[in-house]
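Asker: sequence? don't have it. structure:
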């Protein structure tokens, strides 16, 4: 990919009134730009010969003093982008940040594209592509686990794992090529067995990385959760309890909720994207029927279904429909209204559904902690804790791992079929290149551009 060598600038902090704002400048003319617009408090010109120095003074437009600021000088390659970089810490008013940025642009920089600072860090070899993607994950992290996982990837946990596997594959490719070039001195005797022994642990490592994706995805993106049940079962009351506020309308009239209501909440360190739905029942009401159809569609796409049962009313055909629907889905059944006289037993309901049944009272806010623990058990096998295991959270990386696994499976098949050794080399190289896509060594320019286009401005 062609590396741009011009100088870029952008506001690196959110564009809202705050105590401080940061304007970032990077490129070969960064120091020239700051010298044109910054004057130290003692009247001297800023010294750009020393890296990682902070200077105090004024941003000036000619003789006009615009703002009192701190300026941080970072000489490449010891900077985020590995280029000469300047950061201006100014007062955080929107107008002030825009005015200073405009002055920077008039002094020789151009507006940065979304993600261009991180893109330059990647192109300059300071970070690889998996670390660049982790930067955005850190920014978007919604819970502690997601943040720790993203920071681990930013430090290179995925890169190290992938590079080690690639080294092993490359060694086998080099051996095959050497043996083909010099058969008199390098033998292929029993090589198929040796190759199989070498790639088997590699395949297991790749398999574990692929297997980590689902847990990694729900950790970082959150669990898509849908609340199902008959009308007036207490779904909206449960939604309000989980949110800690009166967000959903609650009445004694069945069918109050006509459409889906979506909210995001944090529960014990995990993130839930919760959808409260219309009650599931046969109805002639056109609007309510649309709501029921939307509820079923949301549930079919969900990671988790919370089925709320009114324990004070007998089960009917609507309950049977819901129970049939959730048979093969991760689900928790809440036996609600335990503050009233029960007509349904938790044991009977558990036997009919093969899912965990938790007695609760949404009205009295009882049983919510048990629900939280059950969700953790379903998705994280109990307690959420961060360890040194590498977790894949990126779909692009998962696909590259799957493609590399397919190539190694073809190597195994070639060994079993006693194919010529050059067949091994072709599939080994494919696996090597697919793994290279994760860290950006064999990635197309268009894909790189697409990845960084998703970044926020100034990062």
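Answerer: Nice, thanks for sending it over. These figures come from a predicted structure and were not determined experimentally.
Asker: need the strands for this structure, in chain order.
Answerer: Ranges of strands in the chain, per DSSP state E, are 8-11, 18-26, 38-40, 53-61, 64-74, 85-92, 110-111, 223-229, 261-267, 270-276, 304-310, 331-336, 357-359.
Asker: Chain neighbours aside, what residue packs nearest to residue 207?
Answerer: Distances taken as CB to CB, 6 or more residues apart in numbering put residue 405 closest to residue 207, at 6.9 Å, once the chain neighbours are dropped. C-beta: built from backbone N, CA, C; applies to glycine.
Asker: Just list the residues touching that neighbour, thanks.
Answerer: Listed by CB atoms under 8 Å, 6 or more residues apart in numbering, the contact set of residue 405 reads 203, 206-207, 210, 431.
Asker: Likewise for residue 158?
Answerer: By CB under 8 Å, 6+ apart, the residues touching residue 158 are 130-131, 134, 390, 392, 397, 438-439.
Asker: repeat for residue 79
Answerer: Contact analysis of residue 79 by CB under 8 Å, 6+ apart lists 26, 85.
Asker: Residue 359 versus that one, what's the distance?
Answerer: 58 Å (CB to CB, to the nearest Å).
Asker: about what we covered before: would you mind giving the strands of the chain as JSON lines with distance to residue 178 added?
Answerer: Below are the strands of the chain laid out as JSON lines (distance: least, CB to CB, whole Å):
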{"stretch": "strand 8-11", "distance to residue 178": "46"}
{"stretch": "strand 18-26", "distance to residue 178": "44"}
{"stretch": "strand 38-40", "distance to residue 178": "58"}
{"stretch": "strand 53-61", "distance to residue 178": "52"}
{"stretch": "strand 64-74", "distance to residue 178": "45"}
{"stretch": "strand 85-92", "distance to residue 178": "45"}
{"stretch": "strand 110-111", "distance to residue 178": "49"}
{"stretch": "strand 223-229", "distance to residue 178": "50"}
{"stretch": "strand 261-267", "distance to residue 178": "56"}
{"stretch": "strand 270-276", "distance to residue 178": "51"}
{"stretch": "strand 304-310", "distance to residue 178": "53"}
{"stretch": "strand 331-336", "distance to residue 178": "56"}
{"stretch": "strand 357-359", "distance to residue 178": "63"}
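Asker: per-residue confidence for the nearest residue to residue 453 once chain neighbours are set aside?
Answerer: Leaving aside its chain neighbours, residue 453 sits nearest to residue 114 (5.8 Å; criterion: CB to CB, 6+ apart). Note on residue 114: pLDDT of 89.
Asker: follow-up on the earlier one: for ChimeraX, what selects the buried ones among the contacts of residue 405?
Answerer: The ChimeraX selection below is limited to those of the contacts of residue 405 classed as buried (16 or more other CB atoms under 10 Å):
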select :203,206,210,431
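Asker: which stretches of this protein aren't confidently modelled?
Answerer: Residue ranges of the chain with pLDDT under 70: 1-4, 140-147, 245-261, 268-269, 277-293, 380-389, 443.
Asker: Check the contacts of residue 158 against residue 178 and report the nearest one.
Answerer: Closest approach between these and residue 178, by CB to CB: residue 439, at 25.6 Å.
Asker: Correct me if wrong: that closest one contacts residue 161.
Answerer: No. Residue 439 lies out of contact with residue 161 (CB atoms under 8 Å); the separation is 10.1 Å.
Asker: So for those two, which sits in the more crowded spot?
Answerer: For residue 439 versus residue 161, neighbours defined as other CB atoms under 10 Å are more numerous around residue 439 (24 against 19).
Asker: quick one: that one from residue 420, how far?
Answerer: For residue 439, the distance to residue 420 - CB to CB - is 31 Å.
Asker: for residue 402, same thing?
Answerer: For residue 402, the distance to residue 420 (CB to CB) stands at 27 Å.
Asker: Which of those two has more residues huddled nearby?
Answerer: Comparing residue 402 with residue 420 by other CB under 10 Å, the one with more neighbours is residue 402, at 15 against 10.
Asker: That one contacts residue 210, correct?
Answerer: Yes. With contact defined as CB under 8 Å, residue 402 counts as touching residue 210 (6.1 Å).
Asker: At which residues are the helices of the stretch 251-400 of the chain located?
Answerer: 286-300, 317-325, 346-353, 368-380, 395-416 (DSSP state H, counting those that start in this stretch).
Asker: Just name the most buried of the ones you listed.
Answerer: Compared across those, helix 395-416 shows the largest average neighbour count, a mean of 18 (mean count of other CB atoms under 10 Å).
Asker: Please state the offset of stretch 315-322 from the chain centre?
Answerer: 37 Å (CA atoms, centre = their mean, to the nearest Å).
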